[in-house]
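S.K.: Below: sequence and its predicted model.
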Amino acid sequence: MNKAEFLAQLRLRLNGLPEEDISERLLFYSEMIDDRMEEGLSEDEAVTAIGPVDVVAAQTIADSSLAKPGKEQAVPKRQQSTLGIVLLVLSSPIWLALLISFFAVVITLFAVLWSVVAVLWAVDITLLACSVAGIFGCFSLCSRGRILQGLAFGCAAPVLFGLFIYGIYFSKEATKAIAKLSVKLLSGLKRLFVKKRKEAEAQ
C-alpha cells in the first residue's frame with residue numbers, strides 16, 4: 001500500500017470526526033511517512049511501519065478529544081448550573097435589596113409625576129371656585145353698599161376665570177405628556193425584564 005492509498009483509506013475511516021481534526025491527523029501521518037522515507041525506507045515499507053489502517057483509525061478516534069463531546073461537556077454544564085443556583089441563593093440578600101430599591105424608586109417616580117398632574121388640576125379647580133366666589137362676593141358687597149370692595153371682587157373674578165381657562169389647557173397638555181412618559185417608562189421596564197429573561201433562558 002502506498003502513501004496515497006493509506007491516507008485515502010484513513011480519511012474514510014475517520015469520516016465521523018470533524019474535518020479539521022481529520023486534516024490534522026492526515027497531515028501528521030503524511031509527515032511521518034515522509035520522515036521514514038527520508039531515513040531510507042521505501043514508500044510501501046514506510047506505510048507498513050505505521051501499522052494497519054484500521055488500527056491507526058481506531059487509535060486516532062480514541063485519542064480524539066472531539067469524539068466524546070457529551071461526556072466532557074455535560075458535567076461542566078451541570079456544575080455551572082449548580083454553582084449558579086448556589087451563588088444566586090447566597091447573594092439573594094444583596095440582589096433582593098437592590099430589586100426592592102429599584103421598584104421603590106420606580107413607584108416613587110410615578111407617584112411624583114402623577115402628583116404634579118393632581119396639583120395642576122387642583123389649582124384649576126381652585127381658580128374656578130375663586131372666580132365664582134368673586135362674582136357672588138361682588139353682588140353681595142355691592143348690595144350692602146360696599147361698592148369699591150364689590151368692584152374689586154368683580155374685577156378679580158374674570159381674571160381668575162381666565163387663569164382657570166389657561167390652566168385647563170396647560171393641565172391637559174401636562175397630563176398627556178406625563179401619560180406618554182409613563183407608557184415609555186413601563187415599556188422600557190418591560191423590555192428590560194424580557195431581555196433579561198431571554199438571556200437567562202439562553203444560558
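M.R.: Cool, the structure landed. Bear in mind the structure is a predicted one, so any value in this text is a computation, not a measurement.

S.K.: average pLDDT across the biggest helix by length in the chain?
M.R.: Among the elements of type helix in the chain, defined by DSSP state H, the one spanning the most residues is helix 147-202. Mean pLDDT, taken over the full extent of helix 147-202, equals 80.

S.K.: counting contacts, what elements does that helix pack onto?
M.R.: helix 92-143 (3 or more C-beta pairs under 8 Å, 6 or more residues apart in numbering; DSSP states H and E). For the C-beta atoms, the positions are set from N, CA and C on the backbone; glycine is no exception.

S.K.: what's the offset of the helix it packs on from the middle of its chain?
M.R.: Mean C-alpha position of helix 92-143 versus that of the full chain (C-alpha atoms, centre = their mean, to the nearest Å) differs by 35 Å.

S.K.: From the centre of this structure, give me the residue that's furthest out.
M.R.: Distance from the centre of the chain peaks at G145, with 73.7 Å (C-alpha atoms, centre = their mean).

S.K.: secondary structure class for that residue?
M.R.: Classification of G145 using DSSP: H, G, I helix; E, B strand; the rest coil returns coil.

S.K.: Ok, L17 next?
M.R.: Put simply, L17 is coil when judged by three-state DSSP.

S.K.: Hmm, D63 and it touching each other?
M.R.: No - counting by C-beta atoms under 8 Å, no contact exists between L17 and D63, whose distance comes to 10.7 Å.

S.K.: More neighbours: which of these two?
M.R.: Set side by side, L17 and D63 show more neighbours around L17, with 19 against 9, by other C-beta atoms under 10 Å.

S.K.: Could I get the contacting residues of the nearest residue to M1 once chain neighbours are set aside?
M.R.: Nearest residue to M1, sequence neighbours excluded (C-beta to C-beta, 6 or more residues apart in numbering): V47, at 5.2 Å. Listed by C-beta atoms under 8 Å, 6 or more residues apart in numbering, the contact set of V47 reads M1, N2, K3, F6, I33.

S.K.: likewise N2?
M.R.: Applying C-beta under 8 Å, 6+ apart, the residues contacting N2 are E43, D44, V47.

S.K.: what about the first one, neighbour count?
M.R.: Going back to what we said before, that points to E43. 16.
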